[in-house]
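*Asks:* here's my sequence, what's the structure:
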Amino acid sequence: MATLANLPYYLTLKIKKTNLYYMATIAMLCSLSYLIGIWQHGGLKSLAGAVNPSPANTLPEFPCHSSKKNFTTTIAGRSSLSLDFAAHHNAEDLTPLSSSARAQPIPPCKLEFSEYTPCEDVNRSLRFDRANNVYRERHCPEKDEVLKCRIPAPFGYKSPFRWPASRDMVWYANVPHKHLTVEKARQNWVQFKGDRFKFPGGGTMFPRGANAYIDDIGNLINLEDGSIRTAIDTGCGVASWGAYLLSRNILSVSFAPRDTHVAQVQFALERGVPALIGVLASIRLPYPSRAFDMAHCSRCLIPWGKFDGLYLIEVDRILRPGGYWILSGPPINWEKRWKGWDRQPDDLKAEQDGIENIAKSLCWKKLIQKNDLAIWQKPSNHKHCKIVRKVFKDPPFCQAQDPDKAWYTKMEACLTPLPEVSDIKEVAGGPLAKWPERLTAVPPRIVSGSLEGITAATFEEDTYLWKKRVAHYKTLDSQLAEPGRYRNLLDMNARLGGFAAALANDPLWVMNVVPVEAKLNTLGAIYERGLIGTYQNWCEAMSTYPRTYDFIHADAVFSLYQDRCDMEDILLEMDRILRPQGSVIIRDDVDILVNVKSVVDRLQWNSRLVDHEGGPYVREKLLIAVKQYWTAPASSGDQEGSRTA
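*Replies:* Just a heads-up that it's a prediction; the model follows:
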């Protein structure tokens, strides 16, 4: 019994002895392996070195040697060691930079080019025919004439006043021209006071101011119910008519040629009013058919009754069905004003009769003539007009013509036919919603299926997409997010106008550009949304002054023009029309943007590449850039002027 009781004790003791023998065996084997390893790597000398290590033994030898100055240290009197801290593997060695990235910054142009408008250059225009004002049309420089320098702002240039203050005043330093203050002194267009110009809102035909003049128009047609949203002002002066329409939710495109007054359109843009340099001459205006709800001429000096009514025919093309044409100034109310105009009554009566006859031949209806205002209305369809053509043979209806083609397209003395209708009361092309519903309503051109591949569903998706994108932009550009910081915006590839639509509630306007090379001509649909825009070939300069826009948006522009023209020329044009301290957002494929950034760096913009709003795995990226503030150096005249002030 005792033996059985001690059995667990004997078993435990035996196991402990076995473990002890096992551990001793492992220790002997490890020691033997260590000694064999030392013997193979130098025998007893290595063993001695392991016991008494020297500095030389503790540091490995590096194969890299440099001719550069080394850092030398000595430890406790032992042998010194030279340490090299210079980098020997640079990014340039791993990824060679392109020649453009290594190039010097693009130089500034001379001060004489501070207001350079390449395609409306006065000296170049004198080479062309003066008949029909052809010399005032676009005439762009040849490739070897294109400037390869950055247009300077004039000395003393300042950021414009914020809207709505800018409507009434601009800095003199930004538009240093006093011609209009002298030539139009009695007409209250513009006044010069101290360091700024002031705009009292006057005009040749509205001495009581633009607001009162617009009220007079509003007493004759309805400007308040949202049915009139887009307007065009031909021969706009300083665009006071368009400036004061904005408070009534009517968006006007104003245009005038670059003529002896020099700065009409420039003043308009500096005030924050949409405008372009342009003229009615021999080519169509750069707008689609059926674009504007209202067209206006206040003593715009356009010979409406000449050239077989060619200019009124062009106005008819761009007016929507049911749109209005408003005329004030000669010859309207000639019976009372002929003496002040220094013209003969018979001459003025003949001019008015000619306009009346052309309007009738276009099937327009004269709604009213009261005092200095006359208003005509275009028919809502051509069903009745086709019957009238049996009486009025001229102008004939245009045949086999694209009514929306308007880039260097010659005007024709023919009437642009409206889309077919089945009923006399039907609106040709489809009715437009009133503003502001018009902004998000599906445009009639899409409803009718005339834009291939664009449906109501894709339009709504596009509207949602751009709301999301613009919200993302505002997180990337604090200036865009700040209400009122930007006023004049440009979308270089607008598609359906989604970018502009997403900003519709901000105190700004967007010029929507549809490139003539775009697969689909969508500018008509943009106008049907109550937005404005123009056609443009970005291989050429835009018909506007330097420093027009506060912000430029370029979506896939460089992909579109990749094999058409030089990327540098497009970016130089962007630099020309962008204000100092203005911003740019460029969307495109990452490979294209890397090349774009190399030129942007040469323009000395501050820029950065960021991921697409969809995340880093999307090939499309965004380039965010800000143009630096810089001006031409002060001339002796500038310095003298600053001392006088």
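*Asks:* can we go C-alpha only for contacts and neighbour counts from here?
*Replies:* Fine.
*Asks:* wait, residue 139 sits on residue 125?
*Replies:* Yes. Residue 139 is within contact range of residue 125, at 6.8 Å (criterion: C-alpha atoms under 8 Å).
*Asks:* so what's residue 441 up against?
*Replies:* If you count contacts by C-alpha atoms under 8 Å, 6 or more residues apart in numbering, residue 441 has them with 433, 529.
*Asks:* what strands line up against the host helix or strand of residue 231, and which way round?
*Replies:* Residue 231 is located in strand 230-234, with elements delineated by DSSP states H and E. According to DSSP bridges, strand 230-234 has the following sheet partners: strand 251-256 (parallel), strand 292-298 (parallel).
*Asks:* next, count neighbours for the closest residue to residue 576 other than its chain neighbours.
*Replies:* Using C-alpha to C-alpha, 6 or more residues apart in numbering and skipping residues adjacent in sequence, the residue nearest residue 576 is residue 546, 5.1 Å away. Close neighbours of residue 546, defined as other C-alpha atoms under 10 Å, add up to 23.
*Asks:* can you give me the pLDDT of residue 546?
*Replies:* Model confidence at residue 546, given as pLDDT, is 97.
*Asks:* over to the one 5 residues further on?
*Replies:* For residue 551, the pLDDT comes out at 98.
*Asks:* spatially central residue for this structure, please.
*Replies:* Per C-alpha atoms, centre = their mean, the C-alpha nearest to the average position across the chain is that of residue 490, at 2.2 Å.
*Asks:* from the contact counts, what lies against the host helix or strand of residue 353?
*Replies:* Using DSSP H and E, residue 353 sits within helix 345-361. Using 3 or more C-alpha pairs under 8 Å, 6 or more residues apart in numbering; DSSP states H and E as the contact criterion, the secondary-structure elements in contact with helix 345-361 are helix 334-337.
*Asks:* any buried residues in the helix it packs on, and which?
*Replies:* Residues of helix 334-337 classed as buried: 334, 337 (neighbour count, 16 or more other C-alpha atoms under 10 Å).
*Asks:* where does pLDDT dip in the stretch 501-645 of the chain?
*Replies:* Judged against pLDDT under 70, the low-scoring parts of the stretch 501-645 of the chain cover residues 636-645.
*Asks:* all strands for it, in order.
*Replies:* 509-515, 532-536, 549-555, 578-589, 606-611, 620-626 (DSSP state E, counting those that start in this stretch).
*Asks:* what's the second one packed up against?
*Replies:* By that I understand strand 532-536. strand 251-256, strand 509-515, helix 523-528.
*Asks:* what pairs with the second one, and is each one parallel or antiparallel?
*Replies:* The sheet places strand 509-515 alongside strand 488-491 (parallel), strand 532-536 (parallel), with pairing taken from DSSP bridges.
*Asks:* starting at the chain centroid, how far to it?
*Replies:* Computed by C-alpha atoms, centre = their mean, to the nearest Å, the separation of strand 509-515 from the middle of its chain amounts to 7 Å.
*Asks:* again with the last one
*Replies:* Taking C-alpha atoms, centre = their mean, one finds the center of helix 523-528 at 17 Å from the center of the full chain.
*Asks:* which elements pack onto that helix?
*Replies:* On a contact count with 3+ C-alpha pairs under 8 Å, 6+ apart, helix 523-528 meets helix 444-447, strand 509-515, strand 532-536.
*Asks:* quick one: buried residues of it?
*Replies:* By 16+ other C-alpha under 10 Å, the buried positions in helix 523-528 come out as 523-528.
*Asks:* which outside residues touch it?
*Replies:* Here helix 523-528 has contacts from 230, 287-292, 404, 432, 438, 443-446, 495-497, 512-514, 532-535, using C-alpha under 8 Å, 6+ apart.
*Asks:* what is the burial count for residue 160?
*Replies:* For residue 160, the tally of surrounding residues (other C-alpha under 10 Å) stands at 20.
*Asks:* wait, the residue nearest to residue 576 touches residue 578, no?
*Replies:* Yes. Using C-alpha under 8 Å, residue 546 is in contact with residue 578, at 7.0 Å.
*Asks:* gap between residue 203 and residue 242?
*Replies:* Plainly put, residue 203 is 12 Å away from residue 242 if you go by C-alpha to C-alpha, to the nearest Å.
*Asks:* residue 201 should be in a strand, yeah?
*Replies:* No. According to DSSP: H, G, I helix; E, B strand; the rest coil, the state of residue 201 is coil, so it is not within a strand.
*Asks:* which SS state does residue 465 fall under?
*Replies:* When the rule is three-state DSSP, residue 465 gets the label helix.
*Asks:* what is the neighbour count of it?
*Replies:* Going by other C-alpha under 10 Å, the residues that sit close to residue 465 add up to 14.
*Asks:* out of everything not next to it in sequence, what's closest to it?
*Replies:* Spatial nearest neighbour of residue 465, chain neighbours left out: residue 498 (8.0 Å); criterion: C-alpha to C-alpha, 6+ apart.
*Asks:* residues contacting that neighbour?
*Replies:* Under the criterion of C-alpha under 8 Å, 6+ apart, the neighbours of residue 498 are 462-463, 465-467.
*Asks:* so which of the residues you listed is the most crowded?
*Replies:* residue 463 (20 neighbours).
*Asks:* how much space separates it from residue 618?
*Replies:* Here the criterion is C-alpha to C-alpha. By it, residue 463 lies 21 Å from residue 618.
*Asks:* if I look at residue 515, how far off is residue 254?
*Replies:* Counting by C-alpha to C-alpha, the gap between residue 515 and residue 254 amounts to 20 Å.
*Asks:* more crowded one of the two?
*Replies:* Taking residue 515 and residue 254 together and counting by other C-alpha under 10 Å, residue 254 has the greater number of neighbours (28 against 25).
*Asks:* bridged to the more buried one, which residues?
*Replies:* residue 233, residue 275.
*Asks:* contacting residues for it?
*Replies:* 232-236, 239, 242, 265, 274-276.
*Asks:* and with 6 Å instead?
*Replies:* When contacts are counted by C-alpha atoms under 6 Å, 6 or more residues apart in numbering, residue 254 is found next to 232-233, 236, 275.
*Asks:* what's the answer for residue 421, then?
*Replies:* Under the criterion of C-alpha under 6 Å, 6+ apart, the contact partners of residue 421 comprise residue 428.
*Asks:* what helix or strand is it located in?
*Replies:* Under DSSP H and E, no helix or strand contains residue 421.
*Asks:* i'd like the first residue to be 45 from this point on
*Replies:* Sure thing, new numbering starts at 45, so read that last one as residue 465.
*Asks:* next, find the distance separating it from residue 471.
*Replies:* From residue 465 over to residue 471 (counting by C-alpha to C-alpha), the distance is 7 Å.
*Asks:* and if you look at residue 280?
*Replies:* Computed as C-alpha to C-alpha, the residue 280 to residue 471 distance reads 30 Å.
*Asks:* so those two - more neighbours on which side?
*Replies:* More neighbours surround residue 280 than the other of residue 280 and residue 471, with 26 against 21 (other C-alpha under 10 Å).
*Asks:* three-state assignment of that one?
*Replies:* Using three-state DSSP, the structure places residue 280 in coil.
*Asks:* now do the contacts for it.
*Replies:* The contact partners of residue 280, by C-alpha under 6 Å, 6+ apart, come to 298-300.
*Asks:* ok, those residues vs residue 549, which is closest?
*Replies:* Among the contacts of residue 280, residue 298 lies closest to residue 549 (C-alpha to C-alpha), at 21.6 Å.
*Asks:* show me where the stretch 295-444 of the chain has helices.
*Replies:* In the stretch 295-444 of the chain, helices defined by DSSP state H, counting those that start in this stretch lie at 308-314, 354-362, 378-381, 389-405, 427-432, listed in chain order.
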